[in-house]
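# need the 3D shape of this:
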Amino acid sequence: MKKLKSNQHPLFFFVIIIFLFTLKTYIAYRIEFNLDIKNGIQQFLLAINPISSAILFFGIAFLFNGKNRHLVVCIIHLLLSLILYANIMYHRFFNDFITLPVLFQTKNFGDLGDSAIALFRPNDIFYFSDIILIGFIFLSGMMSLKESIAKKTIMKVFLSGIFVLMINIALAEKDRPELLTRSFDRNYLVKYLGTYNFQIYDAIQTVKSSSQRVNADGDDITEIENYVKANFNTRNQEYFGKAKGMNVIYVSLESFQTFMIDYKLNGQEVTPFLNRLVHDKNTFYFDNFFHQTGQGKTSDAEFMMENALFPLPQGAVFMTKAQNTYQALPAILKGQGYTSASFHGNYKSFWNREQMYKSLGYENFFDGEFYTMSDENTINYGMKDKPFFAESMPLLEGLQEPFYAKFISLSNHFPFPLDEEDVTFPAGDFGDTAVNQYFQTAHYMDEALQQFFEDLKAKGLYDRTVIVLYGDHYGISENHHKAMAKVLGTEITPFENAQLQRTPLYIHVPGTEGKIVHTYGGQVDIRPTVLHLLGIETNEYITFGSDLLAVDREQTVPFRNGDFVTKDFTFIKGVCYVNETGVEIDNRSCDSINEVVKTMLDLSDKVVYGDLLRFYHPSGFTPVDRTTLDYSKIDVIQKDLIQ
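Numbers count the residues shown, from 1 in each chain. Predicted coordinates for the structure are as follows:
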């Protein structure tokens, strides 16, 4: 048998493949992801975690005969590179990592073309360059994997991969105890395990969560019911029932953050209408209100607003748990004689809203089929805000009162494009196209809202309608900190970034004296607040929020990744800060709150994963019958209203 030179042996080529792949991944970690490396252990783990994945995945090629190994290596290499690049693109947009449930959302990706193009960079070819190099080596015959390898050698390859993985996990657990059992933060998991090992971990968690519904029974809701009733039933008697019998309108302010309120660009107010509304005599404005969304973003905000439950740690409830039983706001209000409708300038299938809205109990869903979806009226994610609100008015008037209606605006969304004829405000000059255009789309949305309010007044609805305006999630992610530092005139530290997660909340209540409210709260708190204003008790419902107008409420705002903000402290990425100064302090000041937050998130997840509300029957509540809801059969006469 011909003896191979050391540089011709398959294992030598195998090592080169692993080296190139690991180097590429490590470079991506450092320049694409915000992993917040704090010490030598974390730095070491970042360097070795791709190695175990590479050995184990590429080692699969040795299970095939020689002539097929090259093809198997190329397929595995391409798949792993696509996983890495998909996470890079996703992180640029959402500052997060792809999870298996997110893949259920791929039918929406066709609507994201402009955003994807905005995220692409010419040097991204680097993330596939090692495949090109390996392919060249294959074709040139310089090296080969075709030579036979002893089974013992193959076994040693896999054992070496497992050994590196075990070292990885052991060091990770030492630096971050309970990483795999009590972590909600994907940044931690990727930092310690790596992108590829994280995908495996996520797949295991997804399978585990899917089995929870099968194994759940009526006893599982008891612990949750007791916890909720002991902690979240406070209300403000002064405001209880102040809006009894009134219509309710929710308006989602797409990607709108609180820092824009009262912000002036070159002396001009960006959002003059929303600025004035802060001081409206009948409006409650909450200046310490935070979004709490996860990967579902706008849909997560909707979910919290309707259910007072937290979104899921992976994926979006709208996509993976749309068939669950819920006791949501539309169904609760139906028991009080309300008609419900959602208005959206995209189509029913987008984010699976048609199915989810049935479970939430919406009686009507006016989607793109009810609007003039012409090129002139649409951009980016759907219908422009101005024609959307204008064409919605006849549909809104057609609803039987009292009604609950939700409007989802779209124009103020990354990458914040506007047609030339819609530009009425100058762009910023901060060295970042998305940040610069954000001011223009925010101003456009502000003008559309002013028009909507004027239309409500003209139709006689304004004085008998509670109007809730809320920012659904951040618009400017951590990937734009350099420009945001110029916008705000201060360095964007992790503490400052947490403060930037404030989104506006307005609750306009006709006939009631409003005020600026400084309590700390989040989207999970809106349902009990609105229900109490309508004079509807909430103590019969599973609710993880509390009335924002109550004087004795706990002011803890959990984020979906397990971080949190309170009126005194901010806990971000394992560090506790004092709000007054932004200075780090001993974590013991945050430890007790940390346990409360983890308990709240864990119990809420049990409700959703286990579909536990099917076992819970609040008195006076009529369960939703999905079979009676068919949005394709809404009276065609109502369609004629917009012609």
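# over to Glu540: give its phi and psi.
phi -90, psi -10 (degrees, to the nearest 10).
# go on, Tyr577?
phi -120, psi 150.
# for it, give its distance to Ala448.
With distances taken as C-beta to C-beta, to the nearest Å, Tyr577 is found 37 Å from Ala448. Backbone N, C-alpha and C define where each C-beta goes, glycine included.
# ok, Pro330 next?
Distance from Pro330 to Ala448, by C-beta to C-beta: 24 Å.
# how about Asp563?
Asp563 sits at a distance of 33 Å from Ala448 (criterion: C-beta to C-beta).
# ok, now Val164?
Distance, Val164 to Ala448, by C-beta to C-beta: 55 Å.
# which one's more surrounded, the two?
Comparing Val164 with Ala448 by other C-beta atoms under 10 Å, the one with more neighbours is Ala448, at 23 against 19.
# check contacts around the more buried one.
Taking C-beta atoms under 8 Å, 6 or more residues apart in numbering, we find Ala448 in contact with 384-386, 388-389, 409, 411.
# top of those by neighbour count?
Result: Ser409 is most packed of those (other C-beta under 10 Å), 30 neighbours.
# any idea of the pLDDT on that one?
With respect to pLDDT, Ser409 scores 97.
# would you confirm that it contacts Ser255?
No - counting by C-beta atoms under 8 Å, Ser409 sits too far from Ser255 to count as a contact (9.3 Å).
# so how far is stretch 477-494 from its chain's centroid?
The chain centre lies 20 Å from the centre of stretch 477-494; the measure is C-alpha atoms, centre = their mean, to the nearest Å.
# for it, buried residues please.
Counting neighbours by 16 or more other C-beta atoms under 10 Å, one finds that the buried residues in stretch 477-494 are 477, 479-481, 483-484, 487, 492, 494.
# also stretch 558-575?
Here stretch 558-575 shows 558-566, 569-575 as buried, counting by 16+ other C-beta under 10 Å.
# now flag whichever of those is closest to Lys191.
For the buried residues of stretch 558-575, the closest approach to Lys191 (C-beta to C-beta) belongs to Lys573, at 9.8 Å.
# now do the same contact list for the closest one.
36, 185, 187-188, 494, 563.
# secondary structure added to those residues, as a markdown table?
Putting the contacts of Lys573 into a markdown table (DSSP: H, G, I helix; E, B strand; the rest coil) gives the following:
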| residue | secondary structure |
| --- | --- |
| Asp36 | coil |
| Asp185 | coil |
| Asn187 | helix |
| Tyr188 | helix |
| Pro494 | helix |
| Asp563 | coil |
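# okay, who's weakest in the residues you listed by pLDDT?
Minimum pLDDT across the contacts of Lys573 falls on Asp185, with 72.
# measure that residue to Leu179 for me?
10 Å.
# the strands in the stretch 501-643 of the chain, which residues?
Remark: strands assigned in the stretch 501-643 of the chain by DSSP state E, counting those that start in this stretch are 505-508, 515-517, 521-522, 556-558, 564-566, 569-572, 575-578, 584-585.
# nearest to Asn215, out of the ones you listed?
Among the strands of the stretch 501-643 of the chain, the nearest to Asn215 by C-beta to C-beta is strand 556-558 (25.8 Å).
# what lines up beside the closest one in the sheet?
strand 564-566 (antiparallel) (DSSP bridges).
# okay, now the domains of this protein?
The record's domain parsing of the chain by automatic domain parsing lists 6-213, 220-256+290-640.
# what about the shortest one, distance to the chain center?
Same thing as domain 6-213. 24 Å.
# cool, and stretch 257-272?
Worked out by C-alpha atoms, centre = their mean, stretch 257-272 lies 25 Å from the chain centre.
# nearest residue to Met89 other than its sequence neighbours?
Leu119 (5.4 Å; C-beta to C-beta, 6 or more residues apart in numbering).
# tell me the contacts of the one you found?
Leu119 touches 89, 92-93, counting by C-beta under 8 Å, 6+ apart.
# in helices, which of those residues appear?
89, 92-93 (DSSP state H).
# top of these by number of neighbours, please.
Neighbour tally across the ones in helices among the contacts of Leu119 (other C-beta under 10 Å): the maximum, 20 neighbours, falls on Arg92.
# contacts only, for that residue.
32, 119, 477, 479.
# burial of the closest residue to the third one other than its chain neighbours, as a residue count?
Meaning Ser477. Excluding the flanking residues, the one nearest Ser477 by C-beta to C-beta, 6+ apart is Asn95, at 4.3 Å. Applying other C-beta under 10 Å, we find 16 residues neighbouring Asn95.
# I figured Asn95 was touching Asn34, is that so?
Yes - under the criterion of C-beta under 8 Å, Asn95 makes contact with Asn34 at 6.8 Å.
# next, show the common contact partners of those two.
Applying C-beta under 8 Å, 6+ apart, one finds that Asn95 and Asn34 are jointly contacted by 478-479.
# neighbouring contacts of the host helix or strand of Met155?
Using DSSP states H and E, Met155 falls within helix 151-175. With contact meaning C-beta under 8 Å, 6+ apart, helix 151-175 is reached by 11, 14, 39, 41-42, 44-45, 48-49, 51-52, 54-56, 59, 62-63, 179-180, 192-194, 197.
# so of these, which ones are in helices?
Those of the contacts of helix 151-175 lying in helices (DSSP H): 11, 14, 41-42, 44-45, 48-49, 51-52, 54-56, 192-193, 197.
# so which pair among these is furthest apart in space?
Leu11 and Gln42 (30.3 Å).
# returning to what we had before: need the domains of the chain in TSV with distance to His279, can you?
As requested, the domains of the chain are exported to TSV (distance: least, C-beta to C-beta, whole Å):
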stretch	distance to His279
domain 6-213	33
domain 220-256+290-640	8
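# what is the burial count for Ala498?
Neighbours of Ala498 (other C-beta under 10 Å): 22.
# can you name the helix or strand that it falls in?
Using DSSP H and E, Ala498 falls in helix 494-499.
# packing partners for that helix?
strand 569-572 (3 or more C-beta pairs under 8 Å, 6 or more residues apart in numbering; DSSP states H and E).
# so what strands line up beside the strand it packs on?
For strand 569-572, using DSSP bridges, the partner strands are strand 564-566 (antiparallel), strand 575-578 (antiparallel).
# name the residues that touch that strand?
Contacts for strand 569-572 (C-beta under 8 Å, 6+ apart): 494-495, 497-499, 563-565, 576-579, 589-590, 593-594.
# ok, the closest residue to Asp422 other than its chain neighbours to Tyr470 distance?
Among residues not flanking Asp422 along the chain, Tyr444 sits closest, at 5.8 Å (C-beta to C-beta, 6+ apart). Note on Tyr444: its distance to Tyr470, by C-beta to C-beta, is 18 Å.
# next: Gly59.
The separation that Gly59 has from Tyr470, given C-beta to C-beta, amounts to 50 Å.
# hang on, the earlier thing: what about the helix holding Met155, average pLDDT?
91.
# could you give the angle of that helix to helix 40-58?
150 degrees (axes from the mean of the first three to the mean of the last three C-alpha atoms, to 10 degrees).
# show me where the stretch 301-450 of the chain has strands.
Going by DSSP E, counting those that start in this stretch, the stretch 301-450 of the chain shows strands at 339-344, 364-366, 378-379, 382-383, 403-408.
# with distance to Ile137 added, can I get the ones you listed in JSON lines?
Formatted as JSON lines, the strands of the stretch 301-450 of the chain follow (distance: least, C-beta to C-beta, whole Å):
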{"stretch": "strand 339-344", "distance to Ile137": "52"}
{"stretch": "strand 364-366", "distance to Ile137": "56"}
{"stretch": "strand 378-379", "distance to Ile137": "46"}
{"stretch": "strand 382-383", "distance to Ile137": "47"}
{"stretch": "strand 403-408", "distance to Ile137": "52"}
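# please identify the deepest-packed of these.
Comparing the strands of the stretch 301-450 of the chain by mean neighbour count (mean count of other C-beta atoms under 10 Å), strand 382-383 ranks first with a mean of 26.
# got the contact list for it?
Against strand 382-383 from outside (C-beta under 8 Å, 6+ apart): 111, 344-346, 350, 368, 371, 373, 377, 410.
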